[in-house]
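Asks: Using only what follows, build the 3D model:
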Amino acid sequence: MCQIERAKALLEVFRQGLQHYGERQTRTQLGDRSAYLGMSELARYGECPRAAVAAKLSQQHTSLETLLTLQRGHWFEDGIAGCFGELGLRLMRQVEIS
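Replies: You can find the predicted model right below:
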């Protein structure tokens, strides 16, 4: 196997792992997202209803670039929460409105 193929294979393993990790973290923090609409889904519906419904109904292959962008936001949020927590300050991380 040539170096380029090996690099692509390694990136695909990383992409799959990152996707599974993100899905597990979402289930842990937000529960079963199939049972409700989140704020991002409501915002997307305001921009393009068809795209919002399609995204909600389909399980799609997400690119490594997209996964890294989304995960970077979560990692940043974790870091900010850790900083405030170290100072004894409370931070509301997720808000649920029924």
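
Asks: Can you give me the distance of Arg90 to Phe84?
Replies: Between Arg90 and Phe84 the computed distance is 8 Å (CB to CB, to the nearest Å). In short, each C-beta sits where N, CA and C put it, glycine included.

Asks: And these two? Which one has more around it.
Replies: Using other CB atoms under 10 Å, the more surrounded residue of Arg90 and Phe84 is Phe84, with 12 against 7.

Asks: Which strand or helix spans that one?
Replies: helix 64-86 (DSSP states H and E).

Asks: Distance from the chain centre to the lowest-mean-pLDDT helix or strand in the chain, please.
Replies: None of the helices or strands of the chain scores lower by mean pLDDT, DSSP states H and E than helix 49-57, at a mean of 84. Centroid displacement of helix 49-57 relative to its chain, using CA atoms, centre = their mean, to the nearest Å, is 17 Å.

Asks: before we move on, what about stretch 29-48?
Replies: Its chain's average C-alpha position is 12 Å from that of stretch 29-48, according to CA atoms, centre = their mean.

Asks: quick one: contacts of it?
Replies: The contact list for stretch 29-48, computed with CB atoms under 8 Å, 6 or more residues apart in numbering, reads Thr26, Arg27, Ala51, Ala52, Val53, Ala55, Lys56, Arg93, Gln94.

Asks: Return the member of the residues you listed nearest to Arg72.
Replies: Set against Arg72, the nearest of the contacts of stretch 29-48 by CB to CB is Thr26 (15.1 Å).

Asks: Report the secondary structure state of that closest one.
Replies: Under DSSP: H, G, I helix; E, B strand; the rest coil, Thr26 falls in the helix class.

Asks: how close does the nearest residue to it once chain neighbours are set aside sit to Phe14?
Replies: Among residues not flanking Thr26 along the chain, Arg33 sits closest, at 6.3 Å (CB to CB, 6 or more residues apart in numbering). To Phe14, Arg33 is 23 Å away according to CB to CB.
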